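J.: with the sequence up front, the predicted model follows.
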Amino acid sequence: MHLLGNSEADQLRMLKQAISESRDGITLADAAHPDCALVFVNPAFERMTGYAFEEAIGRNCRYLQGSDRDQEGIAVLRAAMARGEPCVVVVRNYRKDGRLFYNELSVSPVHDASGTVTHFMGIQRDVTSRVTLEANLHQRNKELHTANERLRLLSIADSLTGLFNRGHFDEQLVTQWRIARRTRSTMSIFMIDIDHFKAYNDSYGHRAGDTCLREVARALGSAFMRVSDFVARYGGEEFVVLSAGMTVDQASRYADSLCERVCALKIPHAATPGGIVSVSVGHATARGDELLTAAALVSQADEALYRAKAEGRNRAVPSSPT
């Protein structure tokens, strides 16, 4: 280091003063020492760590980590020092009184005239406030993401049954039909209606009606477990299921099983012939490459539902061939 117009003694005095008055901790470690022991620490280091000059000299800086040594930054630091390279890491350190602080440690090798590394100089800065702020911001971002996800789910869920709502079904219908057209795969629509539900409400009350809707919704939801299955409340006592990749025979078997699942709930309903809650199901299946729209497929399933009701309810009816 050379300061223009100053003698070597003045330069040395000014350098010592700069190091002594620095707000950052400055250390010097002996690279030739088996444990790379400290040979110098400045007053800022003493204030930062709580360790006096005499307590720090002759020790490896690892004493500042205590037993908390399984840190990524420490491994990076060791590897850089082994290669004689500079590095900057943030590590968890502990003051003499045990309090944690985050230390941004910048280490640089010091070479002699022959190029041999003789010492390592460390500049240490307490960045606890910054790390804490970053951690708080990260946590708040996580909480915000969680809150936004909850709001998103609320916006697409039916509040009574917990199934998806009509609006989200309409969105998924368009998306899944596009996929079916692109992949030339099949898509099935099941329209499901609780039989004589108005009579159920009139006989048992609306609170019992809400309970009935929730139980039927659970039964329908548990019947379709594949990722491609999509169950929604269509409105009132009507539900809809969208499923990709089914054959016509598979769709018929599923539709029959839906009727069986709801009957298996054995919810009393005096207005039905069987004395329990039942459902009618209309379903339609088509390939994506057929000359048909998603809305037309829903209409076919809806027409089949009306035929199921007309034929006596508590049954599943496929759409008529076109």
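T.: On my side now, so go ahead.
J.: so for the helix or strand encompassing Glu143, mean pLDDT?
T.: If you go by DSSP states H and E, Glu143 is part of helix 128-156. The predicted model gives helix 128-156 an average pLDDT of 88.
J.: which strands and helices sit next to it?
T.: Packing partners of helix 128-156 (3 or more CB pairs under 8 Å, 6 or more residues apart in numbering; DSSP states H and E): strand 100-111. Every C-beta, even on glycine, is put in place using the N, C-alpha and C of the backbone.
J.: sort out which residues of the helix holding Glu143 are buried, please.
T.: When burial is assessed from 16 or more other CB atoms under 10 Å, helix 128-156 yields the following buried residues: 128, 131.
J.: could you report the neighbour count for Asp302?
T.: Residues contacting Asp302 under the criterion other CB atoms under 10 Å number 18.
J.: nearest residue to it other than its sequence neighbours?
T.: Closest residue in space to Asp302, ignoring its immediate chain neighbours: Met191 at 5.2 Å, by CB to CB, 6 or more residues apart in numbering.
J.: other SSEs contacting whichever strand or helix holds that neighbour?
T.: Using DSSP H and E, Met191 sits within strand 186-194. For strand 186-194, the elements it packs on are helix 166-183, helix 206-223, strand 238-244, helix 248-264, strand 279-287, helix 294-310, judged by 3+ CB pairs under 8 Å, 6+ apart.
J.: was I right to think the residue nearest to Asp302 contacts Ala304?
T.: Yes: Met191 lies in contact with Ala304 (CB atoms under 8 Å); the separation is 7.2 Å.
J.: more neighbours: these two, which one.
T.: Each of Met191 and Ala304 has its neighbours counted (other CB under 10 Å); Met191 has more, 26 against 23.
J.: residue contacts, that one?
T.: Each residue near Met191 by CB atoms under 8 Å, 6 or more residues apart in numbering is listed here: 234, 238-240, 281-283, 298, 301-302, 304-305.
J.: closest to Arg83 among these?
T.: Nearest to Arg83 among the contacts of Met191: Val240, at 64.4 Å, using CB to CB.
J.: how far is the helix or strand containing Tyr234 from where the chain is centred?
T.: Under the criterion of DSSP H and E, Tyr234 resides in strand 230-235. Centre-to-centre, strand 230-235 and its host chain are 26 Å apart (CA atoms, centre = their mean, to the nearest Å).
J.: quick one, it and helix 128-156 angle?
T.: 60 degrees (axes from the mean of the first three to the mean of the last three CA atoms, to 10 degrees).
J.: need the pLDDT of the residue nearest to Ala219 when sequence neighbours are not counted.
T.: Once flanking residues are discounted, Ala219 sits nearest to Arg261: 4.6 Å by CB to CB, 6+ apart. pLDDT, Arg261: 95.
J.: rewinding a little: now the residue nearest to Asp302, which residues is it bridged with?
T.: Val240, Gly282 (DSSP bridges).
J.: do the same with Arg287
T.: Beta bridges link Arg287 to Thr186, judged by DSSP bridges.
J.: can you count the residues close to it?
T.: 13.
J.: repeat for Thr186
T.: Around Thr186 there are 20 residues (other CB under 10 Å).
J.: one more: Ser252?
T.: Quick note: Ser252 (other CB under 10 Å) scores 18 neighbours.
J.: so it makes contact with Val317?
T.: No: look at Ser252 against Val317 with CB under 8 Å: they stay out of range, at 9.5 Å.
J.: hey, what's in contact with both of these two?
T.: His283.
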